[in-house]
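> What follows is a predicted structure for the sequence shown.
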Amino acid sequence: MKLLFEHPLKSFFFGFFVSLLLLSTNTVAQPNDIRQLSDSIRLEIQKADDNGEQLKSLLVTISKNRRRLKELFKPLMEDYIEHTQRVNFKPGLMEALDRLGHRERQEGNYEIATQYHLRSLEIATELADSAQLAYNYSNLGQVYRRQDYNALALQYFHKALNVQQALGDKQGVYFTQNSIGATYFAQEDYPEARYYIEQAINASIQYEDKRSLSFNYGCLGEIYLAQNMIDSAIYYFQQSRELKIETNQTDGIAVANHLLGQAYFAKGQYDKAQEEFEKALQIHIKTNNKRYQSLCLSYLGNIDIQQGRLDSAWETLNRAKDIALSIHSLENLVTIETALADYHKQEGNYNKAFDAFASSYAYRDSIISAKAKRNVQALEIEYQTKKKESEIELLFKENIIKEQRIRIGITLLVLLVTIFGLITTLYLQRQRNAKVLEAELQQKLSRSQMNPHFLSNAMCSIQKFMHNHDTQSAASYLGKFAQLNRAVLEHSLVDSIPLDEEIALLNNYLEFEQLRLSHAFSFKIDFDEDADIEMIRIPPLFIQPFVENAVKHGVKDLDGDGMVIVRFIDLNDMLKVEIIDNGKGMIAEPIQSKEHQSRSMEITKKRHKMLRQKFKNLPTFTLSNSNTENNVGVKITIHLPILSN
């Protein structure tokens, strides 16, 4: 699910995440390979016939490769839908319709998207799939929200929220609260908008979701800005930007800079506003976001006017206007023409000032007319949607009656079996719960042992710099140490972290060791550039001890020729991690290997063993020479469960 505020004068920060971001494969395909992939999947669909498990797996494959397939994705999904209809595989049909509706919405085909989501909703109702119902309601809300049918969007967002609360889907709840708050904001109902955004903020803090929190702080700042509470708006925009920087969200940083610029402009602090807009503009140019390039330039031109730089203002505003005209942004043109009217007025050219004001009002009237037309369309869409929902509800009731008749016939037979099974299940469940609880406690204990081990090595490294009187390197080293220490402490308090945070920690650690060892080695961290590393979550603090071992016992004495490679490979339900160095290998340094075995490896082996009690298909980690013929280097392979994506 993704919410994106359309009105540039109010917001482009309000928004949230795509509800399901699927991973891409680890190889880059050429056009012929993509065509072969599409044909291969299509053939497998036909072969699957009515094999539900195989069809479900194929849907995952199509979705996973959606970025590689590009324009072939939709035809392939349409073939899948046609096939699942023919073999009557309703779960696959339901999910495929919803995903294809999502793609149509992204491409702006809202009417088609609505039909797909409603068909998916019908099947979800028939199958009593509450989770899918929540997805459908939310996606319908997003379709209507994109068309500014805000009242209709709110109905579906509230339906999604009710289902998510009943299911205990806590993350889904505060995602939807953000969408509801954004929609109320669009209606200028600021008290309701603030209520739902504050609910989302509280949940983001509770679940330590810094990315969501950064979005919600920005949303709250926009509410305050709309109510002319400028100081409060600036505070929340700054909080949002700090979190964006901490979580490495480049586009989000541009958004925060832009909103701070608007707040400082509203406050009359033009120098600060100009600084923020210029920062935002640089990023918007890099990402080719023309709409917000135009908006930034319109504000910068207005600042030039306020400070008497009329020549610069004329050039900047005309540049903004050219971009706005190229993308038909009426909202931006209203802002630009208003600023141009002020420019001509200050020049004393009142005829041109009048013409600019007239253009501004003409664009404004076009926006109002379009909105009025959409309101009429919304009434018709609401009628048709409710009619369709009534048909779905009737179908659902008929299915319930059929199911009740079947249940009555088998209830007495099942009752006796259930009583006996319940007693046995309760006994076994208690034993399993006790084992799982014990394993989790042991895992947390082992994880807490990782921190003293890491801190001890880090402090020794800092001490070495101080002995060498290298204060500059020591200061830089201490800065990186502080970042590492903070990351390790934060990761030790949670059960899972996004893969991008693990990669950031490893990158920081290896730069940290490069500084200490005077660049005795190089390093490389490999992962598929199309992989959604923000959504893959893994257990924390598994990989760093092995990387530390590769540096300490592998490459630190290679005088610049050392190389450490960390490679991440997505295996769908688990993540394969390889740590490779070109050091002397295990046989050449048995004492050092033994020392490492007694510390980091032993702790990690215990934690990995505990994980394997929960994830039965998880292989044990392996340790070998990367070049077995010459006994050179060490290669460590670890498999970690993907806890969510």
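Structure's in. What do you need? All values reported here derive from a predicted model rather than from experimental measurement.

> C-alpha from now on. contacts and neighbour counts both.
Fine.

> what element comes up after the lowest-mean-pLDDT helix or strand in the chain heading to the C-terminus?
Taking mean pLDDT, DSSP states H and E as the measure, the chain has helix 590-596 as its least confident helix or strand, at a mean of 43. As assigned by DSSP states H and E, the chain's next helix or strand after helix 590-596 is helix 602-614.

> For that following helix, enumerate the helices and strands it packs against.
helix 350-467 (3 or more Cα pairs under 8 Å, 6 or more residues apart in numbering; DSSP states H and E).

> OK, contacts around Ile497?
Residues in contact with Ile497 (Cα atoms under 8 Å, 6 or more residues apart in numbering) are 491, 537-540.

> switch to 6 Å and redo it
537-538 (Cα atoms under 6 Å, 6 or more residues apart in numbering).

> Residue numbering should commence at 19 henceforth.
Noted, 19 is the first residue going forward, which turns the last one into Ile515.

> roughly how far apart are it and Tyr98?
For Ile515, the distance to Tyr98 equals 34 Å [Cα to Cα, to the nearest Å].

> One more: Gln311?
Distance of Gln311 to Tyr98, given as Cα to Cα: 40 Å.

> can you check Leu179 too?
30 Å.

> which stretch of helix or strand covers His176?
helix 168-185.

> Looking at that helix now, give me its mean pLDDT.
For helix 168-185, the mean pLDDT works out to 90.

> buried ones in the helix or strand following it?
Moving toward the C-terminus from helix 168-185, the first helix or strand encountered (DSSP H and E) is helix 188-204. Using 16 or more other Cα atoms under 10 Å as the test for burial, helix 188-204 gives 189-204.

> do the same with stretch 539-556
Applying 16+ other Cα under 10 Å to stretch 539-556 flags 539, 541, 545-546, 548-551, 553-556 as buried.

> Repeat that for stretch 247-266.
247-248, 250-252, 254-259, 261-262, 265.

> Kindly report the same for stretch 116-132.
116-123, 128, 131-132.

> nearest to Leu315, of the residues you listed?
Minimum distance to Leu315 across the buried residues of stretch 116-132 is 29.4 Å, recorded for Arg123 (Cα to Cα).

> For that closest one, which non-adjacent residue is closest in space?
Ala131 (5.4 Å; Cα to Cα, 6 or more residues apart in numbering).

> Who are the packing partners of the helix or strand encompassing the one you found?
Assessed by DSSP H and E, Ala131 sits inside helix 128-145. Contacts defined by 3 or more Cα pairs under 6 Å, 6 or more residues apart in numbering; DSSP states H and E place helix 128-145 against helix 108-124, helix 148-164.

> count of residues packed around Lys88?
10 (other Cα atoms under 10 Å).

> okay, it: pLDDT?
Model confidence at Lys88 (pLDDT) stands at 85.

> Return the distance of it relative to Leu55.
12 Å.

> what do you get for Asp289?
54 Å.

> The two: who's more crowded?
Neighbour count, other Cα under 10 Å: between Asp289 and Leu55, Leu55 has more, with 18 against 13.

> Can you point out the helix or strand that includes that one?
helix 49-66.

> Report the distance from that helix to the chain centre.
29 Å (Cα atoms, centre = their mean, to the nearest Å).

> Mind checking the pLDDT average for it?
85.

> can you list the residues that contact that helix?
With Cα under 6 Å, 6+ apart, helix 49-66 has no contacts at all.

> please redo it, this time with the cut-off set to 10 Å
Applying Cα atoms under 10 Å, 6 or more residues apart in numbering, the set of residues contacting helix 49-66 from outside is 46-48, 69, 72-74, 76-77, 79-80, 83, 86-88, 90-91, 93-95, 97-98, 101-102, 105.

> Take the helix or strand following that helix, keep the C-alpha atoms, and write them as CSV.
Once helix 49-66 ends, the next helix or strand along the chain (criterion: DSSP H and E) is helix 70-82. Below are the C-alpha coordinates for helix 70-82, written out as CSV (Å, rounded to 0.1, in the frame of the first residue of the first chain):
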residue,chain,number,x,y,z
GLY,A,70,-2.6,-25.6,-6.2
GLU,A,71,0.8,-25.6,-4.6
GLN,A,72,2.6,-25.3,-8.0
LEU,A,73,0.2,-22.5,-9.1
LYS,A,74,0.8,-20.7,-5.9
SER,A,75,4.6,-21.0,-6.3
LEU,A,76,4.3,-19.7,-9.9
LEU,A,77,2.5,-16.6,-8.7
VAL,A,78,5.4,-15.9,-6.3
THR,A,79,7.8,-16.4,-9.2
ILE,A,80,5.9,-13.9,-11.4
SER,A,81,5.7,-11.3,-8.6
LYS,A,82,9.3,-11.8,-7.6
